[in-house]
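> generate a structure from the sequence data that follows.
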Amino acid sequence: MAGFPSGQEKAQVAVAPPLGVYVHVPFCATTCDFCAFYQTVPKGDAVRRYVDAVEAEAALVNWAHATDSAGSPQAGSGQDARRAATAFWGGGTPGLLAAAEIERLGRIMLRHAGQPEEWTVELAPATVTPERLAVLKSLGVTRVSMGVQSFDAALLDALGRQHTPAQIYRAYDLIRAAGFASVNLDLMFALPGQTEAQWRADLAEALRLAPDHLSTYCLTFEEDTALWVKLSQGKVKLDADKEAAFYVKTWEYLEAAGYAQYEVSNFARRGHQCRHNLNTWHMHEWVGLGPSGASQHAGWRAANPSDLTLWHADVAAGRRATADRVALTNDLLAADAVIFGLRMNDGVSLPRLRRRFPTADWCGLEDILPRFLFGGLLTATVEGRISLTPRGRLLADAVGADILEAFESSAKVAGK
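From the prediction side, this is the model:
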């Protein structure tokens, strides 16, 4: 009958992948030496105009759009067929917004995307206040991720961070008192001049606070950052052996402390893995709002311009996700599902991915898998699940680059 979805249409709606929402808040008081994310210092009514533009951009999104796991549009998707399963606010510094601005931004997201089951907001220690936390809790935020980086004052200063160890402790106590379901701490290692003893002390201090989740990132030198300039001037140096030692010690130490590694840089107590990131690594769908916000949605992957003025102009003209726009194909999604899937400790099931992306060309991957297996970088089960060995995780970026090249080479040979 007209107005009622057929059985086939119901099945299509039921298998729609989880949808995530990422909101990029581009404002920072200062730029940290290592930061390559887009951010700007708010001036005048910049924050008000930003929130206005997010509201306008959210209205441009077809939130009811559902696709299958390969990015093909599904029939029968009603207006309420699909709401956001997860949300993540990053930056920049979301906590730089006043409590009232946070509430308005949150209400805008909720009105368009619905109430997510998991909602993460990044906060810098210096921006944590009872007023901001109260608003976040009332909105339904479930996770707070605080960018600690280090508990060592000298190392914080070397990174150009604008908070002190005392502010970290005060902020953590406030976050815990507010009662969020999950609390994550971000730490960085292999910092200029950092010793293994200093890193071990940072980890021990983090464990003393007992967060639900820990993210530990190796310091990277991104172009167009102050740290990159110092590297080019010889003021800091790269040390691959030192970085590898930090990685291994971190994995061993956190595992012994009860934090299970589920991705190269992420560790969690049972039930506290970040679902938003997991959905992203599994190559599901997400909508990015705000300048530099990236999207993988409605058959396309693209990003908003990393420029507040250009983004405002796009939104005013009814445009979004105009940068690096590419159509989602089975080959593209299959390659990324393998690359990002291998960063997770569970690895990937190749038979399952073949069913999910049936038209992808797997020949290139099949050609290079023996090299990874015999080289001790990968393990495989008889069921076809592959995962990185501990040595392979140390070389995850290089493995990923080789896999991407293999998929691209196969596509060229096939004339795709």
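
> okay, CA-based contacts and neighbour counts for the rest of this
Will do.

> pLDDT below threshold where in the chain?
For the chain, residues meeting the criterion pLDDT under 70 lie at 1-15, 29-42, 44, 65-82, 220-239, 411, 413-416.

> swap in 50 and give it another go.
1-14, 32-36, 68-81, 221-223, 225-237 (pLDDT under 50).

> residue nearest the centroid of it?
residue 277 (5.1 Å; C-alpha atoms, centre = their mean).

> just confirm residue 85 is within a strand.
Yes: according to DSSP: H, G, I helix; E, B strand; the rest coil, residue 85 belongs to a strand.

> just use 83 as the starting number from now, easier for me
Taking 83 as the first residue, the last one we looked at is residue 167.

> report the separation between it and residue 135.
23 Å (C-alpha to C-alpha, to the nearest Å).

> can you point out the buried residues in the helix or strand hosting residue 283?
In this assignment (DSSP states H and E), residue 283 forms part of helix 278-291. For helix 278-291, burial by neighbour count (16 or more other C-alpha atoms under 10 Å) applies to 280-282, 284-285, 288-289.

> would you turn those into TSV with distance to residue 259?
Listed next are those as TSV, based on distance: C-alpha to C-alpha, whole Å:
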residue	distance to residue 259
280	29
281	27
282	27
284	23
285	22
288	17
289	18
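
> quick one: which of the residues you listed is nearest to residue 192?
Nearest to residue 192, judged by C-alpha to C-alpha, of those is residue 288 at 32.6 Å.

> residues contacting the closest residue to the closest one other than its chain neighbours?
Nearest residue to residue 288, sequence neighbours excluded (C-alpha to C-alpha, 6 or more residues apart in numbering): residue 267, at 7.7 Å. Contacts for residue 267 (C-alpha atoms under 8 Å, 6 or more residues apart in numbering) come out as 227-230, 288, 293, 295-297.

> chain center to the helix or strand where residue 491 lies: distance?
Using DSSP H and E, the element containing residue 491 is helix 478-495. Put simply, helix 478-495 sits 22 Å off its chain's centre (C-alpha atoms, centre = their mean, to the nearest Å).

> any idea how far residue 248 lies from residue 238?
Residue 248 is 12 Å from residue 238, where distance means C-alpha to C-alpha.

> the more surrounded of those two?
residue 238 (19 against 12; other C-alpha atoms under 10 Å).

> ok, the spatially closest residue to the more buried one that is not a sequence neighbour - contacts?
Setting aside the residues directly before and after it, residue 238 is nearest to residue 232 in space (C-alpha to C-alpha, 6+ apart), at 6.2 Å. For residue 232, the contact set (C-alpha under 8 Å, 6+ apart) comprises 238, 269-270, 284.

> now render these as TSV, adding secondary structure and distance to residue 210.
Formatted as TSV, those follow (DSSP: H, G, I helix; E, B strand; the rest coil; distance: C-alpha to C-alpha, whole Å):
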residue	secondary structure	distance to residue 210
238	helix	18
269	strand	17
270	strand	20
284	helix	21
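
> now those residues as TSV including distance to residue 408?
Output for the contacts of residue 232, formatted as TSV (distance: C-alpha to C-alpha, whole Å):
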residue	distance to residue 408
238	39
269	34
270	33
284	41
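
> looking at these, which is nearest residue 214?
Among those, and counting by C-alpha to C-alpha, the member closest to residue 214 is residue 269, at 22.7 Å.

> residue boundaries of the strands in the stretch 183-332 of the chain?
200-205, 225-231, 264-271, 295-300 (DSSP state E, counting those that start in this stretch).

> ok, now the stretch 333-482 of the chain?
According to DSSP E, counting those that start in this stretch, the strands that the stretch 333-482 of the chain contains are 342-345, 348-350, 367-371, 376-379, 382-385, 405-409, 430-431, 460-462, 467-470.

> most tightly packed of those strands?
With neighbours defined as mean count of other C-alpha atoms under 10 Å, the strands of the stretch 333-482 of the chain peak in mean count at strand 367-371, which reaches a mean of 26.

> by contact count, what packs against that one?
Packing contacts for strand 367-371, counted by 3 or more C-alpha pairs under 8 Å, 6 or more residues apart in numbering; DSSP states H and E, involve strand 101-107, helix 128-142, strand 376-379.

> closest to residue 368 out of the ones you listed?
Nearest of those (C-alpha to C-alpha): strand 101-107, 4.2 Å.

> and residue 464, its phi and psi?
Here is the backbone geometry of residue 464 (degrees, to the nearest 10): phi -70, psi -20.

> that one: neighbouring residues, count only.
With other C-alpha under 10 Å as criterion, residue 464 counts 6.

> what does residue 125 give?
So residue 125, with other C-alpha under 10 Å, has 8 neighbours.

> helix or strand: which one has it?
Residue 125 belongs to no helix or strand, assigned by DSSP H and E.

> still on that earlier bit, top of the contacts of residue 267 by neighbour count?
residue 296 (28 neighbours).

> so how far is residue 239 from that residue?
Counting by C-alpha to C-alpha, the gap from residue 296 to residue 239 is 22 Å.

> could you do residue 384 as well?
For residue 384, the distance to residue 239 - C-alpha to C-alpha - is 36 Å.

> the spatially closest residue to residue 472 that is not a sequence neighbour - how many residues pack around it?
The shortest distance from residue 472 to any non-neighbouring residue, by C-alpha to C-alpha, 6+ apart, is to residue 459 (7.7 Å). By other C-alpha under 10 Å, the residues close to residue 459 number 20.

> ok, residue 459 touching residue 468?
No: the pair residue 459 and residue 468 fails to qualify as a contact (C-alpha atoms under 8 Å) at a distance of 10.2 Å.

> contacts only, for residue 356.
Per C-alpha under 8 Å, 6+ apart, neighbours of residue 356: none.
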